[in-house]
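Chemist: okay, here's the prediction I keep looking at, along with the sequence it came from:
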Amino acid sequence: MSNEIKNVSVIGIGFLGRLITERTALYNYNVRIYDINSEGLEKLARSLTRKKKRKNLYGEVSFHNTVSEAVADADLIIEAVPEKLELKKEVFSQIDRAAPPHAIIATNSSSIPVSRIEDAVKRKDKLLNIHFYHPTTSPMVDIMRGSETSEDTFKKGKNWIESLELTPLEVKKECLGFVFNRIWRAIKKECLKIWAGGYAEIETVDKAWKIFTGMGVGPFSLMDMVGLDVVYDIEMSYFNESGDPKDKPPQTLKDKVDRGELGRKSGKGFYEY
Ligand code: NAD
């Protein structure tokens, strides 16, 4: 059994997968990546070229054509595909079949506890939730165990997060939303209600948040950065969990997503870019 994490695979190179790959390579890990689509990979390739020129990338990043190839020599795999339970289960199962037996598999999910994915894999003691934020602006990571995760797996995950100079936020008991994400979710939910109910302009809410916290951006700008499709999927997974109509994201958010207004990535979300 390998004690050290050297090779990290990232599956799903969208907004977060890209940030995770860059951070991991910056701290000298070899990163193997795979995405079903080429769009995210192309963006990442351009960004890596810029970073290499500035000499602030140290580990090797390699692109692969299949999940099996990308995880073949992994010590740790981070799954960052969209927030859909069945998709995550399918990807975990593919990873489990192809990765070396010692490898740890973690999900970057924003709301799904890894225990819900557990039945898709055999190595139930080597699973984690490792939930990143933007590594530069919010250098912290939630870390949570599944129902059979070993202490060795947890320790390795925590050490790895610290090795990236990020602060691990340990969840002691399984809960939806982990540590900080749970707080952010409460803010996000109320902001969406204010907007959908027509109680105040988004600019007013963002201004209030900036004055109160001293931050440079407000919740609506942040949601545009995250992607409104991602925000919608996350809110839906909370709603599916509780069944409480109060947890259902507003229809106006769904309408925006259906119109392709996804935030920064599509040029329009709550704001125009
Ligand atoms: P995204 O939509 O930007 O990226 C998802 C990527 O997964 C896409 O590039 C897509 O092509 C790829 N993909 C889809 N199916 C795949 C498959 N079967 N195999 C491989 N790749 C596949 O989403 P994102 O914002 O990067 O979010 C990814 C995960 O990270 C979600 O679980 C989300 O909840 C979580 N997360 C997101 C944020 C955020 O700020 N956006 C923050 C923390 C965690």
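Modeler: That came through, no problem. Residues are numbered from 1 along each chain as shown.

Chemist: distance of the residue of the stretch 151-273 of the chain found nearest the ligand from residue 156?
Modeler: Closest residue of the stretch 151-273 of the chain to the ligand, Cβ to the nearest ligand atom: residue 226 (3.7 Å). Any C-beta I mention is one placed from the backbone N, CA and C, and that applies to glycine too. To residue 156, residue 226 is 28 Å away according to Cβ to Cβ, to the nearest Å.

Chemist: need the residues of this structure near the ligand, please.
Modeler: Counting by Cβ under 6 Å from any ligand atom, the residues of the chain close to the ligand are 11-17, 34-37, 40, 80-83, 91, 108-110, 131-132, 226-227, 230, 234.

Chemist: repeat that with 5 Å
Modeler: 12, 14-16, 35-37, 40, 80-81, 83, 108-110, 226, 230 (Cβ under 5 Å from any ligand atom).

Chemist: let me know the closest of those to residue 272.
Modeler: Set against residue 272, the nearest of the residues of the chain next to the ligand by Cβ to Cβ is residue 226 (16.9 Å).

Chemist: ok, that closest one - contacts?
Modeler: Residues in contact with residue 226, defined by Cβ atoms under 8 Å, 6 or more residues apart in numbering, are 15, 263.

Chemist: tell me the pLDDT of whatever residue of the chain ends up closest to the ligand.
Modeler: Closest residue of the chain to the ligand, Cβ to the nearest ligand atom: residue 14 (1.6 Å). On pLDDT, residue 14 comes in at 93.

Chemist: equivalent analysis for residue 55, please.
Modeler: 69.

Chemist: what of the one 4 residues further on?
Modeler: According to the prediction, residue 59 has pLDDT 83.

Chemist: helix, strand or coil: sort out the closest residue to it other than its chain neighbours for me.
Modeler: Nearest non-adjacent residue to residue 59, counting by Cβ to Cβ, 6 or more residues apart in numbering: residue 25, 4.0 Å away. State at residue 25, reduced to three classes by DSSP: H, G, I helix; E, B strand; the rest coil: helix.

Chemist: contacting residues for residue 25?
Modeler: By Cβ under 8 Å, 6+ apart, the neighbours of residue 25 are 31, 48, 57-61.

Chemist: can you name the two of those that sit furthest apart?
Modeler: Greatest spatial distance in the contacts of residue 25: 48 and 58, 11.7 Å, computed using Cβ to Cβ.

Chemist: neighbour count for the two, which is higher?
Modeler: A direct count of neighbours by other Cβ atoms under 10 Å for residue 48 and residue 58 places residue 48 higher, at 18 against 12.

Chemist: ok, now which ones touch the more buried one?
Modeler: Counting by Cβ under 8 Å, 6+ apart, residue 48 touches 22, 25, 57, 61.

Chemist: residue 45: how many residues sit nearby?
Modeler: The local packing of residue 45 (other Cβ under 10 Å) involves 13 other residues.

Chemist: separation between it and residue 236?
Modeler: Residue 45 sits 32 Å away from residue 236 when distances are taken as Cβ to Cβ.

Chemist: try residue 33
Modeler: Residue 33 sits 27 Å away from residue 236, going by Cβ to Cβ.

Chemist: who has more neighbours, those two?
Modeler: Remark: of residue 33 and residue 236, residue 33 carries more neighbours, 26 against 18, as counted by other Cβ under 10 Å.

Chemist: so that one lies in a strand, does it not?
Modeler: Yes. Looking at residue 33 with three-state DSSP, it is inside a strand.

Chemist: that one pairs with what?
Modeler: Beta-bridge partners for residue 33, by DSSP bridges, are residue 10, residue 63.

Chemist: buried sites along the helix or strand bottoming out on mean pLDDT in the chain?
Modeler: The helix or strand of the chain with the poorest confidence is helix 39-53; it has a mean of 86 (mean pLDDT, DSSP states H and E). For helix 39-53, burial by neighbour count (16 or more other Cβ atoms under 10 Å) applies to 40-41, 44, 48, 51.

Chemist: could you dump those residues to a markdown table with distance to residue 256?
Modeler: Shown next, in a markdown table, are these (distance: Cβ to Cβ, whole Å):
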| residue | distance to residue 256 |
| --- | --- |
| 40 | 22 |
| 41 | 27 |
| 44 | 27 |
| 48 | 32 |
| 51 | 33 |
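
Chemist: flag the shaky bits of this structure, pLDDT-wise.
Modeler: 1-3, 55 (pLDDT under 70).
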